[in-house]
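Peer 1: missing the sequence, but the structure's below:
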């Protein structure tokens, strides 16, 4: 009975989250979210039928689900969709003998629906988010490693503070410049795959019987027969437009233009997912600075020796765990595993420089 009541509470809460998300959406997306809520209501009805009178009083959902509902009502962001995707993927119905096979299948499909709803928002975030996470992580790890390294080598606290601030400024400017150049170069590479406008303009002059437009389609990945058919349809429509709908001199009867247009096919390269170079540069600058200032704070407030080292390492550890968990949530994977991975990588790099600093301090001393 307790298990059934837990399932009922979860289904009711998930339906509520979907409805809260729907209030901040319009059109098809709103309709999809409302349909998901109705599906969760059907699952809730299954547990109500099993519980009978024990379905009352209505069970309260867990704290995590209540937080999700609050976030959905206030923000309706990709974070909530990512969390719902993870919740649907962890459904216990696969192994619960009291859940129907259809309910278990529903939960899997719900996860895919939510994944699809979140995908466009993930792509919109991808460019700036990548730069921000990379910048923050780099600032945390590199400046912690720098501060611990020079501190272990015997530099006085004032020298460690100066080194940390210099590392913050140098790293922030370097990250911003690097992101600007890398994103600009990436967008230039993508643009190199766009069709030549002059080639587009020459389509009406192509020989309909020796249709070389088909070669373009084949170069883009179509098989020969499909490319020939698509190119033939495309040129017939172009000729129809050029000839005002009359039969051409070659004797081909051209049908009116359909939704398919005669344009050179483009490899689907979404430049929006790359982001803008200026936005990536600004995001990287401030993200690196935000991360790099954390290991400097204990020295800025007068801490010295092991206290300063411990505080710097602890603060950076908290920040690494937070960035790893956020990345895990947005990617639909385990926040705990991503947080531990970030922590291990960051502390590993800092430990290496700390040991090197100790070694240099011993040699120089």
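Peer 2: Looks like it came in fine. Being a predicted model, the structure only gives us computed values, none of them experimental. Numbering: from 1, shown residues only.
Peer 1: element containing residue 138, please.
Peer 2: Using DSSP states H and E, residue 138 sits in helix 101-152.
Peer 1: Helix or strand next in line after that helix, which one?
Peer 2: helix 157-191.
Peer 1: From the contact counts, what lies against that next one?
Peer 2: helix 101-152, helix 271-274, helix 277-293, helix 297-300 (3 or more C-beta pairs under 8 Å, 6 or more residues apart in numbering; DSSP states H and E). Every C-beta, even on glycine, is put in place using the N, C-alpha and C of the backbone.
Peer 1: just the angle between the third one and helix 101-152, please?
Peer 2: Spelled out, it's helix 277-293. Per axes from the mean of the first three to the mean of the last three C-alpha atoms, to 10 degrees, the angle that helix 277-293 makes with helix 101-152 is 60 degrees.
Peer 1: Quick one: mean pLDDT over helix 277-293.
Peer 2: Computed over helix 277-293, the mean pLDDT rounds to 83.
Peer 1: Residues contacting it, please?
Peer 2: 127-128, 131-143, 164, 167-168, 171-173, 175-184, 187, 319 (C-beta atoms under 8 Å, 6 or more residues apart in numbering).
Peer 1: how distant is that helix from the center of its chain?
Peer 2: 18 Å (C-alpha atoms, centre = their mean, to the nearest Å).
Peer 1: circling back to that earlier point, show me what the helix holding residue 138 is packed up against.
Peer 2: Using 3+ C-beta pairs under 8 Å, 6+ apart, helix 101-152 sits against helix 27-51, helix 78-89, helix 157-191, helix 271-274, helix 277-293, helix 305-331, helix 335-364.
Peer 1: for the last one, packing partners?
Peer 2: Using 3+ C-beta pairs under 8 Å, 6+ apart as the contact test, the elements touching helix 335-364 are helix 101-152, helix 305-331.
Peer 1: how distant is that helix from the center of its chain?
Peer 2: 28 Å.
Peer 1: That helix vs helix 277-293, what angle?
Peer 2: Inter-element angle recorded for helix 335-364 and helix 277-293: 60 degrees (by the same axes, to 10 degrees).
Peer 1: least reliable of the helices and strands packed on helix 101-152 going by mean pLDDT?
Peer 2: helix 271-274 (a mean of 51).
Peer 1: returning to what we had before: please work out the average pLDDT along the helix holding residue 138.
Peer 2: 79.
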